[in-house]
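A.B. asks: need a structure here:
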Amino acid sequence: MGVVDSRELPWHQPPGHFSGFSKYLVNEEFEKSKYFDFRISRYPIKGLVAEHVHEVAEQIFYFISGEGLVTYGDEKTVVTKGYTMFVPPGINHAVENTGDEDLVFIVVTSPPNDVPR
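C.D. replies: Numbering: from 1, shown residues only. Down below sits the predicted model:
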């Protein structure tokens, strides 16, 4: 495909996500990327992904709107629009919407085969 209108793609609830939804924009399955999983995520009020760890993958989270609480190792930080979080392999992490509107963020993961879809 190469170019896609992401507004037309469906929302998915990946394993371990509770009222947390993602649109898969680029990964091994969609667009056949060998190196990236690129998605936009939307967590309605109280939506979250349970604390977890990736053995191989690195992840970058960029927060677009809303307010949430992220876990990074033993630290917890409130995030809002403009925050970025980098998670290397082996670090436990989680994201929870603690605000009063949708928490929207971009997630980039490399390699793409170490994240559930």
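A.B. asks: pLDDT score assigned to the closest residue to residue 101 other than its chain neighbours?
C.D. replies: Sequence neighbours aside, residue 66 is the residue nearest to residue 101 in space, at 5.2 Å (criterion: Cβ to Cβ, 6 or more residues apart in numbering). Placement of C-beta: from N, CA and C, glycine included. Looking at residue 66, its pLDDT reads 98.
A.B. asks: Over to residue 117?
C.D. replies: Note on residue 117: pLDDT of 59.
A.B. asks: In what element of secondary structure is the residue nearest the centre of the chain found?
C.D. replies: Closest residue to the average C-alpha location of the chain: residue 107 at 4.2 Å, with Cα atoms, centre = their mean. Element membership of residue 107 [criterion: DSSP states H and E] is strand 103-110.
A.B. asks: So in that sheet, which strands flank that strand, and in what orientation?
C.D. replies: Note on strand 103-110: by DSSP bridges, its sheet partners are strand 37-43 (antiparallel), strand 58-65 (antiparallel).
A.B. asks: what's in contact with that strand?
C.D. replies: Strand 103-110 has contacts (Cβ atoms under 8 Å, 6 or more residues apart in numbering) with 22, 35-43, 47, 54, 57-68, 95, 97, 115.
A.B. asks: got it, and stretch 14-31?
C.D. replies: Defining contact as Cβ under 8 Å, 6+ apart, one finds that stretch 14-31 is touched by 1-2, 4, 6, 9-13, 33-34, 36-44, 46-50, 52, 95, 107, 112-113, 115-117.
A.B. asks: Need the distance between the two termini of it.
C.D. replies: End-to-end distance for stretch 14-31: 18 Å, by Cα to Cα, to the nearest Å.
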